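Chemist: Build the 3D model from these lines:
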Amino acid sequence: MSTLLFYAIAFTLGCYTLASLMVLVRLLRGPRAQDRVFALDLLYMQAMLVVLVIGIFHHSDLYFEVALLIALFGFVSSAGMAKFILRGEVIE
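Modeler: Numbering: from 1, shown residues only. Model prediction:
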């Protein structure tokens, strides 16, 4: 692995860590439920991106499949939380 790619991956993971900490603050302090749902959706997205970057680092396809599962579960849970906020129930 080239040195430039190693430093780019380290910088990217550092940026994702900083962004995740800021989103975590919004998740805990969000004044409305919509803010918390959006923050949780961003955390899913950032977790997926971190897994993708680690997959690039390790040259493994397994990480890409894990990222796809994280994206799938993140979408389903965001849709469920949005429906709960709008209607007060998830299953009719």
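Chemist: Flag every buried residue along stretch 9-23.
Modeler: For stretch 9-23, burial by neighbour count (16 or more other C-beta atoms under 10 Å) applies to 12, 16, 20, 23. C-beta: built from backbone N, CA, C; applies to glycine.
Chemist: What sits closest to the third one if chain neighbours are left out?
Modeler: Spatial nearest neighbour of residue 20, excluding adjacent residues (C-beta to C-beta, 6 or more residues apart in numbering): residue 46 at 5.2 Å.
Chemist: per-residue confidence for the one you found?
Modeler: The model reports residue 46 with a pLDDT of 95.
Chemist: got the contact list for it?
Modeler: Listed by C-beta atoms under 8 Å, 6 or more residues apart in numbering, the contact partners of residue 46 are 16, 19-20, 23.
Chemist: Which members of those residues occur in strands, if any?
Modeler: Of the contacts of residue 46, none are assigned to strands by DSSP state E.
Chemist: returning to what we had before: looking at the buried residues of stretch 9-23, which is nearest residue 83?
Modeler: Nearest to residue 83 out of those is residue 23 (C-beta to C-beta; 22.1 Å).
Chemist: Pull up the gap between the closest one and residue 7, please.
Modeler: 24 Å (C-beta to C-beta, to the nearest Å).
Chemist: now swap in residue 31 and tell me
Modeler: Taken as C-beta to C-beta, the span from residue 31 to residue 7 is 39 Å.
Chemist: same question, residue 75
Modeler: Remark: distance between residue 75 and residue 7 (C-beta to C-beta) = 32 Å.
Chemist: Show me which of the two is the more surrounded one.
Modeler: residue 75 (13 against 10; other C-beta atoms under 10 Å).
Chemist: Now do the buried residues in the helix or strand containing that one.
Modeler: Per DSSP states H and E, residue 75 falls inside helix 62-87. Within helix 62-87, the residues scored as buried using 16+ other C-beta under 10 Å are 63, 66-67, 70-71, 74, 78, 81-82.
Chemist: Closest one of the residues you listed to residue 1?
Modeler: Nearest member of the buried residues of helix 62-87 to residue 1, counting by C-beta to C-beta, is residue 63, at 15.2 Å.
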